[in-house]
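Trainee: Sequence first, predicted coordinates after that:
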Amino acid sequence: AISHGLLHHSSSVVLSNFNHLQKLGPGTFKLWTRIMAAAGGAKLWLLKFPTEAEAHIKRQAAVYGIEPDRILFTNKFADVEHLRVKRAASVLL
């Protein structure tokens, strides 16, 4: 995660989901923002796919009281990096 410019779970709570964003429903996202609020300072790490959804997700996070900079996006990982990078997360959602 650090090599991708993201935090590691040793320095912050990092909630992660690497499904395509079109699979993310509004109820699920609202639940995740509630978890983030309860875990003060927690970050949400998502896959940047499709990239068009990124701005919408950050706007919706703000509606739920979550600072948009706590939502982190990354490109898909190469298969050889897949498991190594995911170990950086505190929780895989």
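Mentor: Yes, it's here. Residues are numbered from 1 along each chain as shown.

Trainee: mind listing what the closest residue to residue 18 other than its chain neighbours touches?
Mentor: Using Cβ to Cβ, 6 or more residues apart in numbering and skipping the chain neighbours, the partner closest in space to residue 18 is residue 47 (4.7 Å). Any C-beta I mention is one placed from the backbone N, CA and C, and that applies to glycine too. Residues counted as contacts of residue 47 (Cβ atoms under 8 Å, 6 or more residues apart in numbering) are 17, 18, 19, 20, 21, 73, 74, 75, 76.

Trainee: For the second one, grab the count of nearby residues.
Mentor: Read it as residue 18. 17 (other Cβ atoms under 10 Å).

Trainee: so it makes contact with residue 89?
Mentor: No: in this structure, residue 18 is not within contact of residue 89 by Cβ atoms under 8 Å, at 9.0 Å.

Trainee: Next, give phi and psi for the residue nearest to residue 18.
Mentor: phi -80, psi 140 (degrees, to the nearest 10).

Trainee: ends of stretch 61-69, how far apart?
Mentor: Chord length of stretch 61-69, first to last residue, is 10 Å (Cα to Cα, to the nearest Å).

Trainee: For the residue nearest the centre of the chain, identify the helix or strand it belongs to.
Mentor: Most central in the chain under Cα atoms, centre = their mean is residue 45, positioned 1.9 Å from the mean C-alpha point. Secondary structure from DSSP states H and E places residue 45 in strand 43-47.

Trainee: which parts of whichever helix or strand comes after that strand are buried?
Mentor: Next helix or strand after strand 43-47 toward the C-terminus (DSSP H and E): helix 53-63. Within helix 53-63, the residues that count as buried by 16 or more other Cβ atoms under 10 Å are 53, 54, 57, 58, 60, 61.
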